[in-house]
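Enquirer: no sequence for this one, just the structure:
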């Protein structure tokens, strides 16, 4: 039977697919909040039941945190693993939601029809695009297209503490020819995209201490060290006047962007004005001489994510703070080494301390950049399949953020990943009034059906 | 009758004087907390009654805030005004107090006998030294030594909002030949001191804004302006490498320290190691080439009193903050102009803003430095009187903080002030477990008796 029959089936079944997605959104599976542990369990149960109904051998598997869903199904062809996560972000501030976050509704908006609710996009809507594609295929062909492992996590929004141990303990069962990850978006809300490189991340919290207590700025000002001033100076020294990061060795492992990739990115026609304008900005602020997409995808960064010191309340208090704090993160590319960069940061802070000041550090995450195996034949096949579904041809793009699971699949299972997703930048994931475009959902399901058909032949 | 008889009377009456001080401390006259408005009233009533008992025409005078106490007494000789404040600081955190803040107790400590309680030093213990000296004088001589106006404020710890209007409305009644202000301390806990110069203060809050909301540092990092970085750079640029403030014109009006005053200060034998060591520091951090006392008393400063931006909670959140804030203050000396320095600060911040960043400012206080009229004959007389009472000869010293009332007396009433007080740096004013040394109280009362005797002849 033909792919066309499967696509027709998807079209015919769309209303029921939306009902199934709504039922999943109704479960408030907030992984970071212990109060919702039972809801995470419930979401996992629901997905196990759904997958079992499609012929998967599906199980809920316990971890020290929330359970994993592991389902094996199909025969022959390549062995594909699909990854998504059923947990969602918290909903505060609740008063900024226009309607209840766990009572999904279909809404007509100026930008089209959407489904509104926490997790509608991230990642319940996205993961259901794959499951619905499998359902349609099964309905039309009586069987899944090839051997498929579905692996769904319940802790992605709370740091994935159980993920790596689970991968290690179940490596043989989970390893497939390639992983398909549905947790990314369309480029510019329009172009279907395969993310082929992701930046890594090093997070550091630094506390600079001077006096044993906050001091009166009249009694001590001018004589006593002020750690807020020291911190500001050290943070400022992390960049030079052109925006380059000053840590010794920081650029070791930063690759030169290939002419081929640069040409592909240039061809995307990235609308910098629109991208920045949507958040009230006008001007690229990164390193001199780089294009906006290079700044976002292929250049490393050093940013202050938070800082605090002294009196921060209403009015004024003339204190010399005893301590000053900052949270600093580095986005990494190529083969930049998180451990080396963490060490260089700490050394540079220490070297900048005047007498009486000490620094303490706290590490928050460290993962290298990910480079996908774009020479794997699945990439070309998937790109072609996506191009058949959408008005614009599919693109290989970069990603500015970090999706650590792709790195873990490579490190723990030796498995490459292909990141394909259908979200919009406007989906307000992690924010109030999250939504998923019905067009993303519908064409996302159709995209996976096309990709599954194409990958059978790989 | 002789001064000796008055001093004997003070010695004999000390226990009762302590009881009177204890009764005043028992009244929780916290001016910043509306719950304690009635207690402020009660403290004013008590002082009015006490002064009336000494023959003053004493009144509680209403203001839009807490009442003033104004008492007129005595005849002949110079007309002296005495200023103190009956309100106290809040007591939180209460759990850091070793005993209840408003149940004063006499305690023997390794450093001598003290009276423990909120306001024991600041300013109830200090203001009572003057009233007890008047009481002893009256008891021995049957009259006050000269014409005296006692003026006690109830809003000093909450910004003195009613002070200047009250001075304006009652200028003729309040104006005297000189004001005596008892709200300062002994130098180094040992040397009786008259503060002859005080630093002024300019406070500014600045907010730098960039994007319309916090951004994800993966999605925008490297491309979008980060106001925390901008703020850190601008704050760092306020000082050069030698610690000099970089604002254009900042040093206009900073006088060269006279050789005479420098010699006096050098002779004080300031123990920098002990002063810094008591708060865990070792090394003067001010402008290169200045002595520690110059850094504290005769040099201006620019300090960060608070700063905050982005995510400051537990863990890590990879945001690019939309806003970054700082509270910055300048201590002023000589004739530095608060308005000009505020304007120079704002101009320098504005000049440092990159595209997409804007700055907003909020003014918090602005007062010039105060220079006392040390050529007024009262200064030499009081210095001699203090030297007679204490083991060390009295010194003319500077003050790092601001005592705005002295400036207001000059501006509103054309009246000079003489600042004499007996507090120790260890009194923990504004902090838990405030205390006042009984030696400060006893010798403070005796000091005022000597000063009153000496000033009769001025």
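Expert: Received the coordinates, thanks. Quantities reported herein were computed from a predicted structural model and do not represent experimental measurements.
Enquirer: helix, strand or coil for residue A:197?
Expert: Residue A:197 falls in the strand class when you classify it by DSSP: H, G, I helix; E, B strand; the rest coil.
Enquirer: for it, list each beta-bridge partner.
Expert: Beta-bridge partners of residue A:197, counted by DSSP bridges, are residue A:371, residue A:398.
Enquirer: that one and residue A:368 touch, don't they?
Expert: No: counting by CB atoms under 8 Å, residue A:197 sits too far from residue A:368 to count as a contact (11.4 Å). Using the backbone N, CA and C atoms, a C-beta is placed for each residue, glycine as well.
Enquirer: for the nearest residue to residue A:383 once chain neighbours are set aside, phi and psi?
Expert: Here the nearest residue to residue A:383 in space, its sequence neighbours aside, is residue A:394; by CB to CB, 6 or more residues apart in numbering or on different chains that works out to 4.6 Å. Per-residue torsions, residue A:394: phi -70, psi 150 (degrees, to the nearest 10).
Enquirer: residue A:394: how many residues sit nearby?
Expert: For residue A:394, the neighbour count with other CB atoms under 10 Å in any protein chain shown is 22.
Enquirer: looking at the record's assignment, how would you partition chain A?
Expert: If the domains of chain A are taken from automatic domain parsing, they occupy A:3-198+A:369-455, A:200-255+A:296-367, with pieces of a single domain joined by a plus sign.
Enquirer: state the distance from the spatially most central residue of chain A to chain B.
Expert: In chain A, the centroid-proximal residue (CA atoms, centre = their mean) is residue A:403; its distance is 4.6 Å. Going from residue A:403 to chain B by CB to the nearest CB, to the nearest Å gives 9 Å.
Enquirer: who's the closest spatial neighbour of that residue, skipping the chain neighbours?
Expert: Excluding the flanking residues, the one nearest residue A:403 by CB to CB, 6+ apart is residue A:198, at 5.5 Å.
Enquirer: tell me the pLDDT at the closest residue to chain B within the stretch 51-200 of chain A?
Expert: The nearest approach of the stretch 51-200 of chain A to chain B comes at residue A:199, 6.7 Å away (CB to the nearest CB). According to the predicted model, the pLDDT of residue A:199 comes to 94.
Enquirer: repeat for residue A:159
Expert: Confidence at residue A:159, expressed as pLDDT, is 84.
Enquirer: and the closest residue to residue A:334 other than its chain neighbours, what pLDDT?
Expert: Sequence neighbours aside, residue A:255 is the residue nearest to residue A:334 in space, at 4.2 Å (criterion: CB to CB, 6+ apart). For residue A:255, the model assigns a pLDDT of 94.
Enquirer: select, out of the domains of chain A, the one closest to residue B:277.
Expert: Of all the domains of chain A, the one in closest proximity to residue B:277, counting by CB to CB, is domain A:200-255+A:296-367 (9.9 Å).
Enquirer: report pLDDT for residue A:357.
Expert: In the prediction, the pLDDT value recorded for residue A:357 is 98.
Enquirer: correct me, but the residue nearest to residue A:383 touches residue A:195?
Expert: No: under the contact definition of CB under 8 Å, residue A:394 does not touch residue A:195, with a separation of 11.3 Å.
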